[in-house]
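**Q** return a 3D structure for these sequence lines:
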Amino acid sequence: MSPRPPAPLPLTWLYAPGDRPEVVGKALGSGADVVIVDLEDAVAADRKAYALAATAELLSDRHPVPVHVRVHTPRDIPVLASLPGLSGLRLPKVAHASDIHRITELAPGLPLHPLLESALAVEQAYAIATAHPAVRGLSLGEADLRADLGVREDSGLDWARGRVVVAARAAALPPPVQSVHPDVGDLEALAAGCARGRALGFLGRAAIHPRQLPVIERAYLPTPQEVEAARAVVEAAAAEPGALALADGRFVDAAVVAGARRVLALAERPG
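**A** Down below sits the predicted model:
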């Protein structure tokens with residue numbers, strides 16, 4: 001029996017505030033690949049306890065969509081860790097590998113997704129990525145990182161973005177997911193930002209409103225022209241193994257073939 005193909009990587013991750021169960025319910029039906037219940041920035045201080053209790057109630061059942069939780073404090077984790085509906089934890093403000101070690105003691109076996117939100121965290125990206133097998137992905141928290149660095153223009157974060165892409169790849173993790181685009185009304189800027197993220201090596205993006213989801217998915221799925229070019233590479237490699245040149249002048253070797261196969265796998269992901 002041939003091995004089962006790996007599950008397609010998520011492209012859309014939709015945040016929903018933990019203190020608004022009705023919004024979380026809508027998020028679960030939005031078509032997002034993953035729903036992230038937020039107990040941190042989206043919840044006011046006097047609503048944190050209610051948000052945690054409401055989220056624990058939600059996660060007492062499983063859902064068709066994977067549900068992650070962005071915790072506010074490690075004290076949230078024992079309340080959530082054993083619940084059947086929890087698929088993973090997003091960990092804000094991780095800055096050291098030791099932060100991961102402490103979390104794994106509170107939530108053994110749960111997939112962890114650290115958020116790097118400071119200059120120190122970016123410098124420690126590879127150590128964090130390899131701190132424990134429970135780490136399944138890295139992401140930047142760009143709002144906090146922008147404030148920490150004093151960055152005035154979006155392009156000022158490109159070095160940090162490249163750093164986290166390299167760290168994730170070096171640690172054999174999936175490509176990072178882009179940080180949210182905060183202006184839900186400017187879908188044109190969202191699309192441009194996704195195109196930039198894709199060029200830098202990201203795969204998929206977090207969202208704060210369902211209207212952003214189709215823009216993100218469209219930006220990260222390969223175009224028909226990209227699919228056609230990738231298929232030509234794979235077919236040529238199958239017909240003549242080893243390095244070769246295509247009729248259009250493109251040189252094909254093993255690395256090019258691997259990239260083409262990734263394009264086809266992404267294009268064929270379930271809709």
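
**Q** G197: which element?
**A** For G197, the element it lies in under DSSP states H and E is helix 187-200.

**Q** tell me the phi and psi of the residue lying closest to P66 once chain neighbours are set aside?
**A** Nearest residue to P66, sequence neighbours excluded (Cβ to Cβ, 6 or more residues apart in numbering): S87, at 3.9 Å. Where C-beta positions appear, they are placed from N, C-alpha and C, glycine not excepted. For S87, the backbone dihedrals are phi -100, psi -20 (criterion: degrees, to the nearest 10).

**Q** what residues of stretch 99-111 count as buried?
**A** Across stretch 99-111, burial judged by 16 or more other Cβ atoms under 10 Å covers D99, I100, I103, T104, L106, A107, L110, P111.

**Q** as TSV, those with distance to P78 and secondary structure would be great.
**A** Converted to TSV, those look like this (distance: Cβ to Cβ, whole Å; DSSP: H, G, I helix; E, B strand; the rest coil):
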residue	distance to P78	secondary structure
D99	16	helix
I100	17	helix
I103	11	helix
T104	13	helix
L106	6	helix
A107	8	coil
L110	12	coil
P111	17	coil
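
**Q** got JSON lines for the residues you listed, with distance to R161 too?
**A** JSON lines is the format used below for these (distance: Cβ to Cβ, whole Å):
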{"residue": "D99", "distance to R161": "21"}
{"residue": "I100", "distance to R161": "21"}
{"residue": "I103", "distance to R161": "24"}
{"residue": "T104", "distance to R161": "27"}
{"residue": "L106", "distance to R161": "30"}
{"residue": "A107", "distance to R161": "28"}
{"residue": "L110", "distance to R161": "26"}
{"residue": "P111", "distance to R161": "22"}
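
**Q** among these, which two are most distant?
**A** Largest separation among those by Cβ to Cβ: D99 and P111, giving 15.7 Å.

**Q** which residues does the residue nearest to P66 contact?
**A** V34, P66, V67, H68, P111 (Cβ atoms under 8 Å, 6 or more residues apart in numbering).
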